[in-house]
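Asker: Give the three-dimensional model of this entry:
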Amino acid sequence: MSQLIVKDNDYAAWVTDIKQRFKSTQVKTSVKLNQEVLLFYWNLGRDMVNMNIEKRWGEGVMKMLSQDLKDALPEVNGFSVTNLYYIKRFYITYNQVFENLPQAEVNFNDESISEFLPQAGAKMKGNANMLFSIPWTHHKYILDKVKGNAQKGLFFVQKTIENNWSRSALLNFLDTDLYERQGKAITNFVNTLPTVQGDLASELIHDPYNFDFLTMTEGYREKELKQALIDNIVKFLMELGRGFAFMGQEYRLQVSSKEQFLDLLFYNTQIHCYVVVEVKVTEFEPSYLGQLSAYVSFVNHTLKAEQDNPTVGLLICKSKDNVFAQYSLEGYNQPIGISEYEGINLLPTDFKSNLPSIEDIEAQLTAKSNEKV
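Answerer: I've put the predicted structure just below:
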């Protein structure tokens, strides 16, 4: 470090600015390079399909193509037989999301992408940039799991971008039924929230919440079950990585002269609002909505700041009749979603008593040791 950078603040600030601009350039270059590679793969996959290469040159053409490309471009990785098959699947899977539309309806955010598309009049359902904005290794994980389901694949591409998922994080979520459960809860968001916030809120809520990993004994008390559910709901929402900040359990609100306690309170940075979660271990009842609606109103009046969006309520119960729940919800002007949970494993009440205690195990080990002596 020079003496000038220590003594002159303007010079030091200028050097810091140069450093930040260079790092920004590095990131942009890396993103651009990744995009160009994926566009190249898209084009190559399109060639394979349109030229029907396996029918034209035989089943062994992939092996020959792999070797010929390696010979022609020895400095380039990515031409293994396995990767060529991934490249072909990449095009086949996502080509499904293109539609033939009049030229006037072409709508791509990045002109550099449109030239790689099958036809000049093609339009992608959604954001074309999204498909070319995650690493190739992530794409291979997704292709393995979605089995040709383009919409499911795009769902995980979008989640990867939104949550900045690493490869291991993506792989963990691919092993869940996140796609199937996303946004299927009963809500009144269409009528109570602006379109953008309502769409985001719907994406954040699942139905059902699956807790196959949660084990209880048959003789559990209702309070124990509710606490176990609350603990796992907090863990699930936080690990999902969709902007949930945990504010507290049994969160205390002072409303006039009365105290109110919310099961769970979150703040979500994606939709910029508080989220009140109430958990019920029984079947849905309309009265639950009255309680939750009141809590949402309390939060709006006591915690919500001017820049915050309206507070959202989420009711999670054991089960619900969807029609009955939807009709019950129509009378409320607070944004509320209703989900259910499933998958709790039960053990016999006397399960623990059937297992040997530590003392029993130690006694047996001592006895066997004495027998050997």
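
Asker: ok, now how distant is Pro194 from Val299?
Answerer: Plainly put, Pro194 is 18 Å away from Val299 if you go by CB to CB, to the nearest Å. No exception for glycine: its C-beta is placed from N, CA and C like everyone else's.

Asker: Looking at these two, which one has more neighbours?
Answerer: The neighbour comparison of Pro194 against Val299 (other CB atoms under 10 Å) goes to Val299, with 26 against 11.

Asker: ok, that one touching Val275?
Answerer: No. Counting by CB atoms under 8 Å, Val299 stays clear of Val275, with 9.2 Å between them.

Asker: which residues do the two both contact?
Answerer: Leu265, Thr311 (CB atoms under 8 Å, 6 or more residues apart in numbering).

Asker: List the buried residues in the helix or strand encompassing His138.
Answerer: Using DSSP states H and E, the element containing His138 is helix 136-146. Buried residues in helix 136-146, counting neighbours by 16 or more other CB atoms under 10 Å, are found at His138, His139, Lys140, Tyr141, Ile142, Leu143, Lys145, Val146.

Asker: Could you find the closest non-adjacent residue to the third one?
Answerer: Spatial nearest neighbour of Lys140, excluding adjacent residues (CB to CB, 6 or more residues apart in numbering): Tyr86 at 5.3 Å.

Asker: and the spatially closest residue to Asn149 that is not a sequence neighbour, how many neighbours?
Answerer: Of all residues not flanking Asn149 in the chain, Thr93 sits nearest, at 7.9 Å (CB to CB, 6+ apart). Applying other CB under 10 Å, we find 21 residues neighbouring Thr93.

Asker: What separation do you get for Glu64 and Lys88?
Answerer: Glu isn't right for residue 64; it's Met. Met64 sits 15 Å away from Lys88 when distances are taken as CB to CB.

Asker: Over to Asn232?
Answerer: Between Asn232 and Lys88 the computed distance is 41 Å (CB to CB).

Asker: out of these two, which sits in the more crowded spot?
Answerer: For Asn232 and Lys88, the more surrounded residue by other CB under 10 Å is Lys88, and the numbers stand at 20 against 16.

Asker: CA atoms of the stretch of helix or strand that one belongs to as CSV?
Answerer: Here Lys88, judged by DSSP H and E, is contained in helix 81-94. Output of helix 81-94 as CSV, limited to C-alpha atoms (Å, rounded to 0.1, in the frame of the first residue of the first chain):
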residue,chain,number,x,y,z
VAL,A,81,-20.6,-38.0,-25.2
THR,A,82,-22.5,-37.5,-22.0
ASN,A,83,-22.5,-33.7,-22.3
LEU,A,84,-23.7,-33.9,-25.9
TYR,A,85,-26.7,-35.8,-24.8
TYR,A,86,-27.4,-33.2,-22.1
ILE,A,87,-27.1,-30.5,-24.8
LYS,A,88,-29.7,-32.3,-26.9
ARG,A,89,-32.0,-32.7,-24.0
PHE,A,90,-31.6,-29.0,-23.1
TYR,A,91,-33.0,-28.0,-26.5
ILE,A,92,-35.7,-30.6,-26.6
THR,A,93,-37.0,-29.8,-23.1
TYR,A,94,-37.1,-26.0,-23.4
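
Asker: which helices and strands does that helix pack with?
Answerer: helix 9-50, helix 61-72, helix 136-146, helix 150-163 (3 or more CB pairs under 8 Å, 6 or more residues apart in numbering; DSSP states H and E).

Asker: Name the next helix or strand following the longest one along the chain.
Answerer: Scanning the chain past helix 9-50 towards its C-terminal end, the next helix or strand to appear is helix 53-57 (assignment: DSSP H and E).

Asker: in that following helix, what's buried?
Answerer: So, applying 16+ other CB under 10 Å, buried residues of helix 53-57: Ile53.

Asker: those strands in the stretch 101-250 of the chain, which residues are they?
Answerer: Listed in chain order, the strands of the stretch 101-250 of the chain (DSSP state E, counting those that start in this stretch) span residues 122-124, 186-187, 209-210, 215-217, 244-255.

Asker: where in the stretch 251-373 of the chain is pLDDT low?
Answerer: Counting by pLDDT under 70, the stretch 251-373 of the chain has low-confidence residues at 343-373.

Asker: in it, which spans are helices?
Answerer: Using DSSP state H, counting those that start in this stretch, the helices of the stretch 251-373 of the chain run over 286-302, 322-329, 358-372.

Asker: What separation do you get for Leu131 and Asp71?
Answerer: According to CB to CB, Leu131 stands 30 Å off from Asp71.

Asker: of those two, who's got more company?
Answerer: The neighbour comparison of Leu131 against Asp71 (other CB under 10 Å) goes to Leu131, with 23 against 9.

Asker: residues in contact with the more buried one?
Answerer: Counted by CB under 8 Å, 6+ apart, Leu131 has contacts Leu38, Tyr94, Met124, Leu154, Val157.

Asker: Looks like the residue nearest to Asn149 contacts Leu154 (just checking).
Answerer: No. Counting by CB under 8 Å, Thr93 does not reach Leu154; the two are 9.4 Å apart.

Asker: what's across from the closest residue to Glu259 other than its chain neighbours in the sheet?
Answerer: Nearest non-adjacent residue to Glu259, counting by CB to CB, 6+ apart: Arg252, 6.1 Å away. Under DSSP bridges, the beta-bridge partners of Arg252 are Phe261.

Asker: Arg252 - how many residues pack around it?
Answerer: Arg252: 10 neighbours (other CB under 10 Å).

Asker: what sits against it?
Answerer: Arg252 touches Glu259, Gln260, Phe261, counting by CB under 8 Å, 6+ apart.

Asker: how does it look with 10 Å?
Answerer: Glu259, Gln260, Phe261, Leu262, Leu265 (CB atoms under 10 Å, 6 or more residues apart in numbering).

Asker: and of those residues, the nearest to Arg21?
Answerer: Ranked by distance to Arg21 (CB to CB), the contacts of Arg252 are led by Leu265 at 40.9 Å.
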